[in-house]
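**Q** Following is a predicted model, sequence given first.
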Amino acid sequence: MNAANLNEDGLLVSAPDSIYTFSGRFIRPLDPDPEDIFISDIAHALGNQCRWTGHVSSFYSVAEHSVHVAACVPQKLRLTALLHDASEAYLTDLARPIKKAPGLGELYLEAEARLEAAIADRFDIYNGPLSHSPIKQADEWMLWREAQCLLPGLVLPQAPEGCPMPQCWSPRMATEMFHEAFREYGGRYTHGS
């Protein structure tokens, strides 16, 4: 891509609502087509994104978090659990207080829901409420474990026994481990994925 393809705001002239992905493709995250979603882009982006908006003692990626959450749920839910934050590969994440804020939070959650539906369609996984599921419970458990290990000075309840300890993998290792979990849990690679 050269500068001639970008407008004065740095947006693509031919598709201003699109982003360019690691694999060299484009996706419209606010109006996603499942055919534009690739596991290579998800794994790479999540491997490079830090949890807790970066306010941790060591780099800890969304990809590593996802691998740990998936390991904490029954086998039949592991692929869905691995991809529970996959939308963040295209939207990034917002801190919980901002996500819950009136106005901005609702807009983000609407976009996130559309993207989650497209991801579920692409990888043939469950796309429904997770509020009382083992996936949500494991996600919350990992949040507590991460806080205990990576947010020094913050006093929180103990995470349940059996929660993995954050290892703080490098972005490259987190990406590789995410791919390994994807294969192990039955994820199917598509052409060019």
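**A** Received it, and whenever you're ready, just let me know what you need.

**Q** Would you mind giving me the confidence score for the closest residue to residue 74 other than its chain neighbours?
**A** Nearest non-adjacent residue to residue 74, counting by Cβ to Cβ, 6 or more residues apart in numbering: residue 134, 6.3 Å away. Any C-beta I mention is one placed from the backbone N, CA and C, and that applies to glycine too. Note for residue 134: predicted pLDDT of 94.

**Q** Determine the number of other residues adjacent to residue 134.
**A** The local packing of residue 134 (other Cβ atoms under 10 Å) involves 16 other residues.

**Q** Please apply the same query to residue 144.
**A** For residue 144, using other Cβ under 10 Å, the count is 15.

**Q** what sits against it?
**A** Going by Cβ atoms under 8 Å, 6 or more residues apart in numbering, residue 144 touches 156, 157, 158, 159, 163.

**Q** any idea how far the lowest-mean-pLDDT helix or strand in the chain is from the chain center?
**A** Least confident helix or strand, the chain: helix 96-99 with a mean of 86, by mean pLDDT, DSSP states H and E. Relative to its parent chain, helix 96-99 has a centroid offset of 16 Å by Cα atoms, centre = their mean, to the nearest Å.

**Q** Report all helices and strands that whichever helix or strand comes after that helix contacts.
**A** Following helix 96-99 in sequence order, the next helix or strand is helix 104-123 (DSSP states H and E). Contacts defined by 3 or more Cβ pairs under 8 Å, 6 or more residues apart in numbering; DSSP states H and E place helix 104-123 against helix 88-91, helix 96-99.

**Q** So which of those is nearest residue 63?
**A** Nearest of these to residue 63, taken as Cβ to Cβ: helix 88-91 at 9.2 Å.

**Q** Restricting to C-alpha, output the least confident helix or strand of the chain in PDB.
**A** Provided in PDB are the C-alpha atoms of helix 96-99 (Å, rounded to 0.1, in the frame of the first residue of the first chain):
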ATOM      1  CA  ARG A  96     -14.400  -2.200  31.200                       C
ATOM      2  CA  PRO A  97     -15.300   1.200  32.600                       C
ATOM      3  CA  ILE A  98     -15.400   2.700  29.100                       C
ATOM      4  CA  LYS A  99     -17.300  -0.200  27.700                       C
END
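
**Q** What helices and strands are in contact with it?
**A** Packing partners of helix 96-99 (3+ Cβ pairs under 8 Å, 6+ apart): helix 104-123.

**Q** average pLDDT for the helix it packs on?
**A** Helix 104-123 comes out at a mean pLDDT of 92.

**Q** buried residues in that helix?
**A** Neighbour-count burial for helix 104-123, counted by 16 or more other Cβ atoms under 10 Å, picks out 108, 111, 112, 114, 115, 116, 118, 119, 120, 122, 123.

**Q** Following element in sequence after that helix, please.
**A** For helix 104-123, the following helix or strand on the C-terminal side (DSSP H and E) is helix 134-150.

**Q** Quick one: distance of that following helix to the chain centre.
**A** That offset, for helix 134-150, works out to 15 Å (Cα atoms, centre = their mean).

**Q** Contacts for the helix or strand following it, please.
**A** Sequence-wise, the next helix or strand downstream of helix 134-150 (DSSP H and E) is helix 171-184. Applying Cβ under 8 Å, 6+ apart, the contact partners of helix 171-184 are 39, 42-44, 46-48, 59, 61, 63-64, 66-67, 70-71, 78-79, 82, 169.
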